[in-house]
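# 3D model of this:
(chains A and B)
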Amino acid sequence: MIEELQEVDTGDIEPMAHPLKMTQRLRADEVTEFNDRDKYQKNTDFAEEGFYKVPKVID
Amino acid sequence: MKRHTVKEIQSMIKSKSASAEEIYELYNKRIRQMNDSINAFISIEGDEFDLDTKQADSEVRGVPYALKDIFCSEGDQTTCGSKMLSSFVSPYDATVVKNLREKGSIILGKTNMDEFAMGSSNETSFYGDVSNPWDLERTPGGSSGGSAAAVAAGMAPIALGTDTGGSIRQPAALTGITGLKPTYGRCSRFGMIAFASSLDQAGILSISAEDAAIFLEHMAGFDQKDSTSSMETVPKYTDFLSNDLSGKVVGLPKEFFDGSLDTRFQELVTDSIHEYEKLGLKFKDISLPNIKYSVPTYYVVAPAECSSNLARYDGVRFGHRSTEGNDLDAFYKQTRKEGFGQEVKRRIITGTYVLSAGYYDAYYLKAQKVRQLINQDFLNAFEEVDVIMGPTTQQSAFKLGEKVDDPVSMYMNDIYTISSNLSGVPAISHPIGFVDELPFGLQIIAPHFKEHDLLNITHRYQMATDWHLRTPEICRGID
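Numbers count the residues shown, from 1 in each chain, chains lettered A, B, ... in the order given. The predicted model follows:
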């Protein structure tokens, strides 16, 4: 099914990554996010002292 | 039962003929009575009432709604239809949910959906199939199948859904209700679990276009937290509903009317066009030459974005976590193997493939170029016409199990709906009649940010007809 695309002549067509012609806006350089670590870590049983536990990485 | 519209609930609350509590209880009771047979809800909320209605006075104050389980709602389980998120509790509200909460609208529960919104029949959900209220052996469509079934069965007056390739419009068509996918960027995507970020958009499943207009006003708008959210002003959609349709020109793309539609569905479409002619619309044949490439384009772009978005589910910080795997790599693999279903895996693998070094140009870049051509087809068409019309789907609701083993046939369900997501334009589906007691829908597509035209046109049709008010048999005998 996907091979059908090969029959289209796309010559010098600009690829379209996004539906709206908009530029990335900038926001004011202000603090907008605060540390809610404890709240977010409620979604796992494998957090300890603020860290996440994973299988051993270094021997 | 009476399937109340949002408009009716508003006037019941205003005239004090029913309190917001009584209305909430009515729907809560209906859900408890009907959910065993329909499975529209994954979770039912019960204790949020006080929290939400104390807030300011607004048009949607006290109006309960069903929320697709793809939206975060603070303190509630949010599964996205996946085992991967079965234990996930939202730490915050999605912006659209927050907007509605501030206006005093109340969540009835979280609705079933295809896993991570990938599917067109609600059969990829980890929480079981949803049944179509018109025939319990059939699919309600997908991916917003639970939201559609809930509204069709009167378990909720209105529901939120998301539409990445047709996931609001196709289920709306298959369950005989109205489904609106707004322009890309119209509603914030913050807190809405991502599938394909350049295509995803939040929208509404409702009984009428009027109800959709009321809700859209309250949920849409610019959001600092979504970098692709639009700064375009949100109009008062309800002000446009009754506008005269005379002089508006509708394009009928020959690609949507190529003779492939079953004659009984074709007749319904023709009847609705005649009705619209009486309302003053003019019709014109047009062509969208590249539209036939929509499905293959979508099945490169959407899996590519999905493979990137779903990389976050690694079992470490939230979501399903495997107890197997001795090293980190094995642990990731095992977690994802256990947590994701087959369709999600298929799309992650396809997406990773089309983005890989040797195939990027041939598939991903090629698809993005074809996407531009499809977009250009719409821009050209809208030079000549105000809106485009055609069937929403090729058939009415099919049997559960009928297509689940044939992904390409399942993908073809969205043949008419996918192109609007690729281009980002808004589109609506509304019911236009029945074949063998199953509803069928008409799709209308408008230029970017012309939701008010879609709502206006649909509302005028719904004032002249009553297809949208037909209620399935299953509602009989329920209060």
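# center of chain B - which residue?
Residue closest to the mean C-alpha point of chain B, counted by C-alpha atoms, centre = their mean, is B:Ile168 at 2.0 Å.
# for the residue of chain B found nearest chain A, what are its contacts?
As assessed by C-beta to the nearest C-beta, chain A sits closest to B:Gly424 within chain B, at 2.4 Å. Yep, even glycine has a C-beta here, placed from its N, CA and C like the rest. Counting by C-beta atoms under 8 Å, 6 or more residues apart in numbering or on different chains, B:Gly424 touches A:19-20, B:183-185, B:375, B:448.
# what does chain A put close to chain B?
Listed as neighbours of chain B in chain A under the rule C-beta under 8 Å from any C-beta of the partner chain: A:1-6, A:8, A:10, A:13-20, A:22, A:24-25, A:27, A:32, A:36, A:39-44, A:46, A:52, A:54-57.
# count of residues packed around B:Met463?
14 (other C-beta atoms under 10 Å in any protein chain shown).
# looking at this, it is in a helix?
Yes - note on B:Met463: a helix contains this position according to DSSP: H, G, I helix; E, B strand; the rest coil.
# which residue does chain A have closest to chain B?
With C-beta to the nearest C-beta, the shortest gap between chain A and chain B falls at A:Pro19, namely 2.4 Å.
# and the residue lying closest to that residue once chain neighbours are set aside, what pLDDT?
Leaving aside its chain neighbours, A:Pro19 sits nearest to B:Gly424 (2.4 Å; criterion: C-beta to C-beta, 6 or more residues apart in numbering or on different chains). pLDDT recorded at B:Gly424 is 97.
# now swap in the one 5 residues further on and tell me
The predicted local confidence for B:Ser429 comes out at a pLDDT of 98.
# ok, now B:Phe49?
According to the prediction, B:Phe49 has pLDDT 63.
# circling back to that earlier point, and which of the contacts of B:Gly424 is nearest B:Leu455?
Set against B:Leu455, the nearest of those by C-beta to C-beta is B:Thr183 (12.6 Å).
# tell me how many other residues crowd that closest one.
Number of residues near B:Thr183 (other C-beta under 10 Å) recorded here: 24.
# excluding its backbone neighbours, what's nearest it?
Nearest residue to B:Thr183, sequence neighbours excluded (C-beta to C-beta, 6+ apart): B:Pro426, at 4.5 Å.
# quick revisit: so what's the backbone phi/psi at the residue nearest to the centre of chain B?
For B:Ile168, the backbone dihedrals are phi -100, psi -50 (criterion: degrees, to the nearest 10).
# name the nearest residue to B:Phe378, ignoring sequence neighbours.
Leaving aside its chain neighbours, B:Phe378 sits nearest to B:Ser423 (4.7 Å; criterion: C-beta to C-beta, 6+ apart).
# show the contacting residues for that neighbour.
A:19, B:374-375, B:378.
# okay if I get the residues you listed as a markdown table plus secondary structure, neighbour count and pLDDT?
Converted to a markdown table, the contacts of B:Ser423 look like this (DSSP: H, G, I helix; E, B strand; the rest coil; neighbours: other C-beta atoms under 10 Å in any protein chain shown; pLDDT from 0 to 100):
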| residue | secondary structure | neighbour count | pLDDT |
| --- | --- | --- | --- |
| A:Pro19 | coil | 22 | 88 |
| B:Ile374 | helix | 23 | 97 |
| B:Asn375 | helix | 18 | 97 |
| B:Phe378 | helix | 23 | 98 |
